[in-house]
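>>> no sequence for this one, just the structure:
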């Protein structure tokens, strides 16, 4: 870290705190605090929706995943434009006209109080567990960059975000999110420019695209129908559709964004804005990973992107690791030469020689991957357990070694912005659900505006501190971080979405069907997750299907239909 | 805690595109175009 990087970071944190506190002065009641008095414009809400979804995990985990296995994760995002249309047609007008603070409040009007309580409780459970990962991910970066403890990083981000979120409420969260999202967009282009500037002289973007094509890194679409494959067009469009519908339609961290729209139209526009921007944005983030993969054909990538693992291996498997590193170095040189030769032949238009050269390149690439795999096995043996995924360290490691002064600061600010925008929205929504769905119903229904505002701030601090403490003690061996977050969510999202679909689609459904359907659906998802090997993306489909089936059957069996009130 | 419903919002047209249905249609077409473009890219660059 050079002075220019520190200046950028200090400016970033100073601006975020100033912006957050600036919007906090006008809060007088919980309508101001949780819904920003329903006064916000579509662009701010839309950017906040995007910023809430795009966490630091998106930048770290997704780029790493694309580096290792290509663009196939894009299929997970493909149904999102369609989900936005469904939301605009159903969830948004239902919630907006019902004038609710939380999505679950709507369920009490439609079904009964216990269905609302159970659904809100499941949200608090799932989001409360996942929110700590949002802080943990960027703490990895500073661990790599400075050798700082992860605890320090988590505390810096946690305390800053808790401060402005507690003081400013949802309006501050959204206005800061909007600025953070703009920074994140800029960061994507800065990262791409940085990588391309580091390509060898004469090596163009077209060359990079062609080279990555040889290792199938541009395989965006997989038409396989195998339900065990995680990233296929089928799992994306079916499992990803239900996951996204549940996340954007039933997760309070998102619902609380678009409930602040100045009008129903403003809320809808914010989602349409997302429909058009989300997939291209994600494509570019994944492309960063693929371009880093290409870049490391010409600069030797570390055998262990996580420096601490390298030190462990040097200390505890010295000779064996030295032999492995030597073999890895040879494999790298061999792959570099093969890649250069291949590109030269392609440029010369010699298709036949290029085909033979491509075989040599693929063989050299396989040798490099073999050395990496051997390294993983050695590490597992030394540690006595499976090491955490190396892919999460690739992007930060690249930045540390190759970003010039100032640019590193900008990219760190981008990663902090991504983490903090998600964290702020999540603790704000956790507080909203706790206050509106539980505190105001079961503990104090007659409080003054001032009292509720004070308690809301206290609960925001509670959730912020809870997530920070969990991040400090529970971060660790979770494979690719982006997958980990979505896997945790998928255990709960399907059943929650099922209850809302039951409310919207089955007019004769009632509270008994909804409540027991939700419970049975949750058990079904947990059983499927534990005993079957289908992709986690399908858990959402299972949850929705079971809740709809059981909820409908029980509603008809109990014969006490609840009238539609939404 | 509650306010009067704002049901008039439902009829308000979007600020562009003429009608909401037209905008939704555009999103669907856009999604299909994305899938086709990404599939084309997969086939064209998978050497």
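Cool, got the structure. Just so it is clear, the model here is predicted, and its values are computed rather than measured.
>>> wait, doesn't residue A:43 sit right on residue A:179?
No: between residue A:43 and residue A:179 there is no contact under CB atoms under 8 Å: 11.6 Å. Yep, even glycine has a C-beta here, placed from its N, CA and C like the rest.
>>> and those two? Which one has more around it.
residue A:179 (18 against 13; other CB atoms under 10 Å in any protein chain shown).
>>> what distance do you get for the nearest residue to that one once chain neighbours are set aside to chain B?
Spatial nearest neighbour of residue A:179, chain neighbours left out: residue A:19 (6.5 Å); criterion: CB to CB, 6 or more residues apart in numbering or on different chains. From residue A:19 over to chain B the distance is 27 Å, taken as CB to the nearest CB, to the nearest Å.
>>> and if you look at residue A:91?
Taking CB to the nearest CB, one finds residue A:91 at 14 Å from chain B.
>>> what's the closest non-adjacent residue to that residue?
Nearest one to residue A:91, counting by CB to CB, 6+ apart, is residue A:249 at 4.2 Å.
>>> isn't that neighbour right up against residue A:103?
Yes: using CB under 8 Å, residue A:249 makes contact with residue A:103 at a distance of 7.4 Å.
>>> quick one: which of these two has more around it?
Between residue A:249 and residue A:103, counted using other CB under 10 Å, the more crowded position is residue A:103 (28 against 24).
>>> the more buried one is in contact with residue A:250, isn't it?
Yes: the pair residue A:103 / residue A:250 is scored as a contact, 5.5 Å apart, by CB under 8 Å.
>>> joint contacts of those two?
In terms of CB atoms under 8 Å, 6 or more residues apart in numbering or on different chains, residue A:103 and residue A:250 are both contacted by the residues A:91, A:500.
>>> pLDDT of stretch A:397-415, averaged?
Per-residue pLDDT over stretch A:397-415 has a mean of 91.
>>> what segments of the stretch 1-150 of chain A are helices?
A:3-24, A:30-35, A:42-53, A:56-69, A:80-89, A:91-98, A:103-110, A:113-146, A:150-197 (DSSP state H, counting those that start in this stretch).
>>> next helix or strand past the last one?
Once the chain leaves helix A:150-197, the next helix or strand it forms, by DSSP states H and E, is helix A:205-214.
>>> residues in contact with that following helix?
A:70, A:196, A:199, A:218, A:290-291, A:293-294, A:297, A:339, A:342-343, A:346-347, A:358, A:361-362, B:45-47.
>>> quick one: it to chain centroid distance?
Its chain's C-alpha centre and that of helix A:205-214 lie 28 Å apart, by CA atoms, centre = their mean, to the nearest Å.
>>> okay, now residue A:233: neighbour count?
For residue A:233, using other CB under 10 Å, the count is 21.
>>> okay, now whichever residue of the stretch 351-500 of chain A sits closest to chain B: neighbour count?
Minimum separation of the stretch 351-500 of chain A from chain B (CB to the nearest CB) falls at residue A:358, amounting to 6.9 Å. Residue A:358 is flanked by 19 other residues according to other CB under 10 Å.
>>> so it sits right up against residue A:342, yeah?
Yes: using CB under 8 Å, residue A:358 is in contact with residue A:342, at 5.7 Å.
>>> what does the stretch 301-450 of chain A put close to chain B?
Neighbours of chain B within the stretch 301-450 of chain A, by CB under 8 Å from any CB of the partner chain: residue A:358.
>>> what segments of the stretch 301-450 of chain A are helices?
A:307-316, A:318-348, A:351-383, A:394-402, A:407-433, A:449-474.
>>> for the ones you listed, which one ends up most surrounded?
helix A:407-433 (a mean of 27; mean count of other CB atoms under 10 Å in any protein chain shown).
>>> compute the inter-axis angle for that one and helix A:394-402.
Computed with axes from the mean of the first three to the mean of the last three CA atoms, to 10 degrees, the direction of helix A:407-433 lies at 150 degrees from that of helix A:394-402.
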